[in-house]
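K.L.:
Here is my input; please provide its structure:
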Amino acid sequence: MPRFGVHVGLQHTHPDELRAVWRRIEDLGFHWISVWDHFYGATGEPDDAECLEAVAMHAALAVETSRVEVGCLVYSVGYRHPAVLAKAITTIDLLSGGRAAIGLGGGWAEVEYRAYGIPFPSAGVRLDQLGEAAACIRGLLHSEALDFDGRHFTFSNARNEPRPVQAHLPIWIGGGGEKKTLRVAAEHADGWNIPFVAPETFAHKCRVLDEHCEAVGRPPGDVRRAVNLGLAWDDDSLRQQFGAIAEFVRPGVLGGSDQAVVDRIGTYVDAGADQVNLAIRAPFDVDSLERFASALGLS
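P.N.:
Numbering: from 1, shown residues only. Here you go, the predicted model:
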């Protein structure tokens, strides 16, 4: 069986509500809880701006829980300098007693960048930034000092002290781009994550990641593979949760009977998944999480 997690959105909610949801998720037996990194709601709409800040809530997640691995899927390197991220995740690892993980991505929600005057370059540039940032954060977390002279970031004998609790704090790369994103994952990541794809798509991406790992001389098994999936037991729930993007995410949404959900997860495991995260957003349906945990024997 894979590990199971819950990826909890930070839009249209309050810290008190999140704390209660995180505690319930941990009590239900899940292995992982993550937050996302957005300044606006994850809809791309210019008037949807109610969203809590990720680093602060990642830290809150660390102190509110006691057992689960705590992550963020994913921090955008377009508005998070790698030095700031390395210091933040180190602090979060200390707060959690060695349970933190960091996810990195190239960013996609242009509305946030434009609203705050943050440069939003081409996808190629953003993914080049991702590759450099991943290398820099890896150096800051796993080496005593970092020297790096890149196109986007420069470090000179940079130290990250105090050190994390974990000798090897996990770095995740998020996204499905086959030429650059999966290459960055093969070169620098301990884990790779993608949301809302069908099992056959996930299997194809895993094969591409394997090829990149082989090209850089790394065993493919070194990189954990996780998929974020929706959970909607019926069509009404799907549309209530995802609205205008319901059809877009449908290939990566679990539903139907308990057995149908169990069987569907099996197809992702067969495709290469060793972690399955349920992606939820407010209003949080804790009853659905309880039903899922019971069906999978987590609680």
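K.L.:
C-alpha from now on. contacts and neighbour counts both.
P.N.:
Fine.
K.L.:
Format the CA atom coordinates belonging to the host helix or strand of residue 95 as CSV.
P.N.:
Using DSSP states H and E, residue 95 sits within helix 82-96. Output of helix 82-96 as CSV, limited to C-alpha atoms (Å, rounded to 0.1, in the frame of the first residue of the first chain):
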residue,chain,number,x,y,z
PRO,A,82,16.0,30.0,-2.3
ALA,A,83,17.9,31.4,0.7
VAL,A,84,14.6,32.5,2.3
LEU,A,85,13.0,29.1,1.6
ALA,A,86,16.0,27.2,3.0
LYS,A,87,16.0,29.2,6.2
ALA,A,88,12.2,28.9,6.5
ILE,A,89,12.1,25.1,6.0
THR,A,90,15.0,24.6,8.4
THR,A,91,13.1,26.5,11.0
ILE,A,92,9.9,24.5,10.3
ASP,A,93,11.9,21.2,10.6
LEU,A,94,13.1,22.4,14.0
LEU,A,95,9.6,23.3,15.0
SER,A,96,8.3,19.9,13.9
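K.L.:
Buried residues of it, list them for me.
P.N.:
Buried residues in helix 82-96, defined by neighbour count with 16 or more other C-alpha atoms under 10 Å: 82-83, 85-96.
K.L.:
Can you tell me which of these is nearest residue 59?
P.N.:
residue 92 (5.4 Å; C-alpha to C-alpha).
K.L.:
circling back: next one: the helix holding residue 95 to chain centre, how far?
P.N.:
16 Å (C-alpha atoms, centre = their mean, to the nearest Å).
K.L.:
now swap in stretch 42-58 and tell me
P.N.:
15 Å.
K.L.:
Spatially nearest residue to residue 200 (excluding sequence neighbours)?
P.N.:
Counting by C-alpha to C-alpha, 6 or more residues apart in numbering, residue 200 lies nearest to residue 271, which is 7.0 Å off, once chain neighbours are set aside.
K.L.:
tell me the secondary structure for residue 276?
P.N.:
strand (DSSP: H, G, I helix; E, B strand; the rest coil).
K.L.:
What of residue 284?
P.N.:
What three-state DSSP gives for residue 284 is coil.
K.L.:
The closest residue to it other than its chain neighbours: which element?
P.N.:
Spatially, and ignoring its direct neighbours in sequence, residue 284 is nearest to residue 21 (7.8 Å; C-alpha to C-alpha, 6+ apart). Residue 21 belongs to helix 15-27 when assigned by DSSP H and E.
K.L.:
and that helix, what does it pack onto?
P.N.:
If you count contacts as 3 or more C-alpha pairs under 8 Å, 6 or more residues apart in numbering; DSSP states H and E, helix 15-27 packs onto helix 54-64.
K.L.:
Can you tell me which helices and strands the helix it packs on packs against?
P.N.:
helix 15-27, strand 32-35, strand 69-72, helix 82-96.
K.L.:
ok, and for it, which residues are buried?
P.N.:
For helix 54-64, the neighbour count (16+ other C-alpha under 10 Å) marks 54, 55, 57, 58, 59, 60, 61, 62, 63, 64 as buried.
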